[in-house]
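**Student:** Would you be able to build a 3D model of this:
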Amino acid sequence: MLGRPVEILAGDHRMNPDLGVQIARDWFDNHGVEAIVDVPNSALGLAISGLCYQKNKLALLSGPGASTITNEKCNPNTVQFTYDTYALSHVTGAALVAQGAKTWFFITADYAFGHQLEADATAFVTKAGGRVVGHALHPPGATDFSSALLAAQASKADVVALANAAQDAENSVKQAAEFGIGEKRNGQRLAALLMFISDVHAVGLDRAQGLLLTTASYWDLDDASRAWSERFYARTKVMPTMEQTGSYGVVLHYLKGVAKAGTLEPQAVMAAMRAIPINDAFVHNGYLRIDGRVIRDMYLMRVKSPDQSKRPWDYYELVTRVKGEDAFRPLSESACPLVHKS
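**Tutor:** The predicted structure follows:
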């Protein structure tokens, strides 16, 4: 690209923002790195976004979900490509209330990401005519969710919503099944506000069946997504999560932007990326807004039962597809200082 080899460096931040910033700073200062990609962890995503702005490099984020990244904390050097707490909460919350699930109980990870998920979902549930009847907080890395699940059962809420992620979400779903929580178990719907297909794979369809979740991509949506995912599977022996397809997509779009701009200068590349429609195996006619938010369709999925699944990784049935303009925060509601309001 521009006569320069494309190289990928990888570093493990171990979920420690200070370590992640240290790695990124060394890459910028000593290794000629032009952009940081992925960054799973919202606290680190915000830190890397700020560092990239300071160094005039680009943050091409797929993993961080906090909607603040492209809202009040936005900057001209950051792209949030895949999902955010606003879209996850909006799609899941609005759809379920529209289906008659009016009362909600949250099981929430007690840190910024979990609180943001619950707050965003609460706003959408309330706006749609539902109400929150309770919540239970748990520390990150918890192993025992019994008290939270008993409180959720006792609330008789239509929806038990998991405002957590990763191992916390997996353990919540496993133990919810043991407590008999689920649409086909006790009538309560279980909704995970952030869950990847790898999490469903770890939990198993027998325990995850009926679970509702929102995703930005799924390997089996169409011919293009299947073909790409089969190549991914051949190398990794797992089907890709939306975070992984997002990392691929944002790097591909960045390289298209560099080619169009004819330079590595960050603002010229960002302008080119905004000018080019985003198209890959998972995004169709998406686009990059001035706030750094990529607008793309989102999908509400229901996890299949074991007897519905016809082959390996056949885990999801599509409930509804939501257009990007309807899923993500509209610019009219944005607190991003880059958005000029009349």
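**Student:** Share the number of residues neighbouring His138, please.
**Tutor:** Neighbours of His138 under the rule other CB atoms under 10 Å: 21. C-betas here are computed from N, CA, C, even on glycine.
**Student:** Which pLDDT does the model give it?
**Tutor:** In this model, His138 is scored at 96, pLDDT.
**Student:** can you give me the strands for the stretch 151-300 of the chain?
**Tutor:** Using DSSP state E, counting those that start in this stretch, the strands of the stretch 151-300 of the chain run over 159-163, 189-192, 212-215, 287-288, 294-295, 298-303.
**Student:** Can you tell me which of those strands is most buried?
**Tutor:** strand 159-163 (a mean of 29; mean count of other CB atoms under 10 Å).
**Student:** hmm, who's touching it?
**Tutor:** 92-93, 96, 101, 103-109, 114-115, 117-118, 121, 149, 152, 168-169, 172-173, 176, 181, 188-193, 195 (CB atoms under 8 Å, 6 or more residues apart in numbering).
**Student:** and that strand, average pLDDT?
**Tutor:** Computed over strand 159-163, the average pLDDT equals 97.
**Student:** quick one: which of the strands of the stretch 151-300 of the chain is nearest Leu61?
**Tutor:** With CB to CB as the measure, strand 294-295 is the member of the strands of the stretch 151-300 of the chain nearest Leu61 (9.8 Å).
**Student:** Run the chain-centre distance for the closest one.
**Tutor:** The chain centre lies 12 Å from the centre of strand 294-295; the measure is CA atoms, centre = their mean, to the nearest Å.
**Student:** And what about the residue nearest the centre of the chain, helix, strand or coil?
**Tutor:** The residue lying closest to the centre of the chain (CA atoms, centre = their mean) is Tyr83, at 3.8 Å. Here Tyr83 is recorded as coil under DSSP: H, G, I helix; E, B strand; the rest coil.
**Student:** Could you do Ala94 as well?
**Tutor:** Per three-state DSSP, Ala94 ends up helix.
**Student:** and it, how many residues sit next to it?
**Tutor:** Ala94 - counted by other CB under 10 Å - has 21 other residues nearby.
**Student:** right, and Leu194 touches Leu88 too?
**Tutor:** Yes: if you go by CB atoms under 8 Å, Leu194 and Leu88 touch, sitting 5.7 Å apart.
**Student:** in the longest helix anywhere in the chain, what counts as buried?
**Tutor:** In the chain, assigned by DSSP state H, the helix with the most residues is helix 242-261. The neighbour-count check on helix 242-261 (16 or more other CB atoms under 10 Å) flags 242-251, 253-254, 256-258, 261 as buried.
**Student:** which helices and strands does that helix pack with?
**Tutor:** strand 35-38, strand 58-61, helix 266-275 (3 or more CB pairs under 8 Å, 6 or more residues apart in numbering; DSSP states H and E).
**Student:** these two touch, right, Val339 and Gly292?
**Tutor:** No: using CB under 8 Å, Val339 is not in contact with Gly292; the gap is 10.5 Å.
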